[in-house]
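S.K.: When you get a sec, could you give me coordinates for this:
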Amino acid sequence: MNSWIIRPFKMNDYASVLRVWGHANLPHKPRGRDNPEMIKKELKLGTAIFYVAELNGEIVGTALGTHDGRKGWINRLAVIPEHQRRGIARALIQTIEDKLESMGILIIATLIEKGNIHSEQVAQSLGFTHLETIQYYSKRKHQDV
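M.R.: Sure thing, here's the model as predicted:
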């Protein structure tokens, strides 16, 4: 049985990460937040924690954690469908949670688009609680940010 590893994202992983996002049907914003220059900027600023899951040299999962110094966020969690239900998403999330906690960040949140039942189930199985009392609002310069 082959095993996967979790490791930090490197910029030369970008094309493989796009492939994972595509296989997992994760929307991609190439002119905005998913632009390689934006990712590089976030990593340089220290506000992003980006990990990949690798199996036999192939990237099969991704998760991007971000923070504002007091609250952490789980973003861009994706696992190629044929590799789902093997604990990869759980390991990616746990790695980001551990890193955030080591930084003193004790609140971790995630946003899930309405109707994405699979992601809701994953979040709940990992201990995330759906808060009925919070509504999310955003203001965006354009649709790709």
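
S.K.: going forward, measure contacts and count neighbours with C-alpha atoms only.
M.R.: Fine.

S.K.: after the longest helix anywhere in the chain, next one along is what?
M.R.: Secondary structure of the chain per DSSP state H: the longest helix is helix 88-102. Following helix 88-102 in sequence order, the next helix or strand is strand 107-110 (DSSP states H and E).

S.K.: mind listing what's buried in that following strand?
M.R.: Of all the residues in strand 107-110, those buried under the rule 16 or more other CA atoms under 10 Å are 108, 109, 110.

S.K.: Ok, stretch 18-29 next?
M.R.: Under the neighbour-count criterion of 16+ other CA under 10 Å, stretch 18-29 has 18, 19, 20, 21, 24 buried.

S.K.: for stretch 77-90, same thing?
M.R.: Applying 16+ other CA under 10 Å to stretch 77-90 flags 77, 78, 79, 80, 88, 89 as buried.

S.K.: can you give me the strands in this structure?
M.R.: Taking DSSP state E as the criterion, the chain carries its strands at 4-8, 48-55, 58-67, 71-79, 107-110.

S.K.: Do you know the pLDDT at residue 68?
M.R.: In this model, residue 68 is scored at 92, pLDDT.

S.K.: same deal with residue 144?
M.R.: For residue 144, the model assigns a pLDDT of 71.

S.K.: Not counting sequence-adjacent ones, nearest residue to it?
M.R.: Excluding its sequence neighbours, the residue lying closest to residue 144 (CA to CA, 6 or more residues apart in numbering) is residue 32, at 4.5 Å.
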